[in-house]
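Participant: Next comes the sequence, and after it the predicted model I'd like to discuss.
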Amino acid sequence: MPLPSNNPRDIEKFVEGQTGLFISLSTFTRSQLTAAVAARHPFRLALVSDGTSNRYLAISNGSAFYYPDGTAV
């Protein structure tokens, strides 16, 4: 299911509606999502303000950030 928009508040509300959990996501640009940031935030979701192809959520695996489809940010 595609996200409703790239607005951070809209994405937070969408995720909250899907999961029933209250969340607050940190917003980054693609250039800010370095390996050092991934190491400081392992297994965390982040909003990518300049995501491509309607991809605005990313998750860290502890060494890099990836979009939900597995593509590296």
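Facilitator: Received the coordinates, thanks. Residues are numbered from 1 along each chain as shown.
Participant: Low-confidence ranges, the chain, go.
Facilitator: 1-4 (pLDDT under 70).
Participant: Wait, residue 62 touches residue 38, no?
Facilitator: Yes - Residue 62 is within contact range of residue 38, at 6.2 Å (criterion: C-beta atoms under 8 Å). Bear in mind the C-beta positions are built from the backbone N, C-alpha and C, glycine included.
Participant: Give me the more crowded residue out of the two.
Facilitator: residue 38 (22 against 12; other C-beta atoms under 10 Å).
Participant: Show me how far stretch 63-70 is from its chain's centre.
Facilitator: 9 Å (C-alpha atoms, centre = their mean, to the nearest Å).
Participant: Can you show me the CA trace of that stretch as CSV?
Facilitator: Extracted C-alpha coordinates of stretch 63-70, given in CSV (Å, rounded to 0.1, in the frame of the first residue of the first chain):
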residue,chain,number,x,y,z
SER,A,63,25.1,-0.6,9.1
ALA,A,64,22.9,1.1,6.4
PHE,A,65,19.4,2.4,5.7
TYR,A,66,17.1,0.6,3.4
TYR,A,67,13.7,1.3,1.9
PRO,A,68,11.0,-1.4,2.7
ASP,A,69,11.5,-3.0,-0.7
GLY,A,70,15.2,-3.7,0.2
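Participant: what ranges do the helices span in this protein?
Facilitator: 8-19, 35-40 (DSSP state H).
Participant: Which one of the ones you listed lies nearest to residue 53?
Facilitator: Nearest to residue 53 among the helices of the chain is helix 8-19; the distance by C-beta to C-beta comes to 15.3 Å.
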